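**Student:** dropping a prediction and its sequence here:
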Amino acid sequence: MALMTHDTVTAKRSFGVRRVSDSRLASGLVFAMVSAASFGMSGSLARGLMDAGWTAGAATLVRVAIAALVLAVPGALAMRGRWHLLRRGWGVIVAYGVFAVAGAQLCYFLAVGYLDVSVALLIEYTAPVAVVLWMWVRHGNRPTRLTVAGALIAAAGLVLLLDVLGGGANVDLVGVAWALAAMVGASVYFVIGGDESNGIPGMTLAAGGLIVALVVLSAAALTGVLPIAWSTETVQFVPFAAPWWAVALVLGIVTAATAYVTGIAATRRLGARLGSFVALTEVMMATLFAWILLGQVPLAIQVGGALLVVAGVVVVKLGERPAETVAESIAEPPALTDPQAPIPL
């Protein structure tokens, strides 16, 4: 039986916690970038379908339907032996589907009916600021000065990246209201996605949320709120042409199923606050795919904006309080009567 002092064990625990934290950070960033790239591709693919005769509503409905179909079985398998968690947390899945998936998309499409796309996107992507405020008010996680500075830098980068100041952007109060509603949906996406306390597997949350969103969007389509029209014409992109069904499959499997699953995995590793800022790179990815697929060459000011967004994310990360301290306090056993007493292993 080995004997070790309390300080030695604490040091080992601290080292072990730091390694786990670093591992979660690295994997979280990888998942976040995969999610951002997947989400970022959706706009260009949907634009290709719309140029071929589809409405935005039809592209969204097909995207969500395919993703829900793809994730239904994996989502159910992930719950084997833990169905009691689903009975207890069904409200979380419904909220995720209504607000984070269907609500964010539907409200955004309604917003662009009144606003320029860049303005609607800029308002929706204020979600990280809303997440910071929510974490402060609800959980007492007051943002550091670096977090606030990073938010301001990232916001300035978004203004440049979306070129909001470049063309006399149209502003309408009704459109602003819909864009703010989309922002609320995006905020719910990060807050619920980053919460592991309910025990619901990320795969199940994504699958259930997409199924709920499919029901909501179908109801919106049937009532005429979401205009639906589609075409079987070949979809033309700058480097190639593709059949409509191939574009629809990629739209559903990659930009929805993969994007939501990896997005949840990223947020659960990074936390809602940091995860929401890293997700701003989705706008950069969208700009890149628009360049490759649609021939929309980014302006120099947009490249500068992209660099500011990255800088803002880095500053926010620097402003995060060390996760090791929290994890270590959880891992510590009850205090010993004599802190210097040897601990049997």
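**Tutor:** Ah, there it is.
**Student:** now the strands: where do they sit in the chain?
**Tutor:** Here the chain has its strands, by DSSP state E, at 3-4, 235-236, 241-242, 343-344.
**Student:** contacts made by the second one with the rest, please.
**Tutor:** Put plainly, it is strand 235-236. With CB atoms under 8 Å, 6 or more residues apart in numbering as the test, strand 235-236 has contacts from 48-49, 51-52, 241-244, 247. For every residue, glycine as well, the C-beta is placed using N, CA and C.
**Student:** and if we set it to 10 Å?
**Tutor:** The contact list for strand 235-236, computed with CB atoms under 10 Å, 6 or more residues apart in numbering, reads 45, 47-54, 241-248, 293-294.
**Student:** and those, which are buried?
**Tutor:** 45, 47-50, 52, 54, 242, 244, 247-248, 293-294 (16 or more other CB atoms under 10 Å).
**Student:** and of these, the nearest to residue 94?
**Tutor:** Checking those against residue 94 by CB to CB gives residue 248 as the nearest, at 26.3 Å.
**Student:** what's the distance between the closest one and residue 64?
**Tutor:** The spacing between residue 248 and residue 64, counted by CB to CB, to the nearest Å, is 11 Å.
**Student:** ok, now residue 223?
**Tutor:** In terms of CB to CB, residue 223 sits 17 Å off from residue 64.
**Student:** could you do residue 179 as well?
**Tutor:** Taken as CB to CB, the span from residue 179 to residue 64 is 20 Å.
**Student:** so what's residue 62 closest to, chain neighbours aside?
**Tutor:** residue 248 (5.2 Å; CB to CB, 6 or more residues apart in numbering).
**Student:** residue 148 too?
**Tutor:** Nearest residue to residue 148, sequence neighbours excluded (CB to CB, 6+ apart): residue 319, at 7.7 Å.
**Student:** how about the helices in the stretch 201-345 of the chain?
**Tutor:** Taking DSSP state H, counting those that start in this stretch to define them, one finds helices in the stretch 201-345 of the chain at 202-222, 244-252, 259-270, 272-278, 281-294, 300-319, 323-331.
**Student:** between the ones you listed, which one is nearest to residue 96?
**Tutor:** Closest to residue 96 of the helices of the stretch 201-345 of the chain is helix 202-222 (CB to CB; 3.9 Å).
**Student:** show me what that closest one is packed against.
**Tutor:** Helix 202-222 sits against helix 56-77, helix 83-95, helix 104-111, helix 173-193, helix 259-270, with contacts defined as 3 or more CB pairs under 10 Å, 6 or more residues apart in numbering; DSSP states H and E.
**Student:** so for it, what's the average pLDDT?
**Tutor:** Helix 202-222 carries an average pLDDT of 94.
**Student:** alpha carbons of it, as CSV, please.
**Tutor:** Provided in CSV are the C-alpha atoms of helix 202-222 (Å, rounded to 0.1, in the frame of the first residue of the first chain):
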residue,chain,number,x,y,z
GLY,A,202,-26.2,14.8,-28.2
MET,A,203,-27.3,12.5,-31.0
THR,A,204,-30.7,12.1,-29.4
LEU,A,205,-31.1,15.8,-28.8
ALA,A,206,-30.2,16.6,-32.5
ALA,A,207,-32.6,13.9,-33.8
GLY,A,208,-35.5,14.8,-31.6
GLY,A,209,-35.0,18.5,-32.2
LEU,A,210,-35.0,18.0,-36.0
ILE,A,211,-38.2,15.8,-35.8
VAL,A,212,-39.9,18.5,-33.8
ALA,A,213,-38.7,21.1,-36.3
LEU,A,214,-40.0,19.1,-39.2
VAL,A,215,-43.5,19.1,-37.6
VAL,A,216,-43.4,22.9,-37.0
LEU,A,217,-42.1,23.7,-40.5
SER,A,218,-44.6,21.3,-42.1
ALA,A,219,-47.4,23.1,-40.2
ALA,A,220,-46.0,26.5,-41.4
ALA,A,221,-45.9,25.2,-45.0
LEU,A,222,-49.5,23.9,-44.8
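**Student:** so for that helix, what gets flagged as buried?
**Tutor:** In helix 202-222, counting by 16+ other CB under 10 Å, buried: 202-214, 216-218, 220-221.
**Student:** does residue 59 touch residue 227 like I think?
**Tutor:** No: Residue 59 is beyond contact range of residue 227, at 11.2 Å (criterion: CB atoms under 10 Å).
**Student:** contacting residues for residue 144?
**Tutor:** Per CB under 10 Å, 6+ apart, neighbours of residue 144: 150, 316, 318-321.
**Student:** which one of the residues you listed is nearest to residue 194?
**Tutor:** The closest of the contacts of residue 144, once distances to residue 194 are taken by CB to CB, is residue 320, at 13.1 Å.
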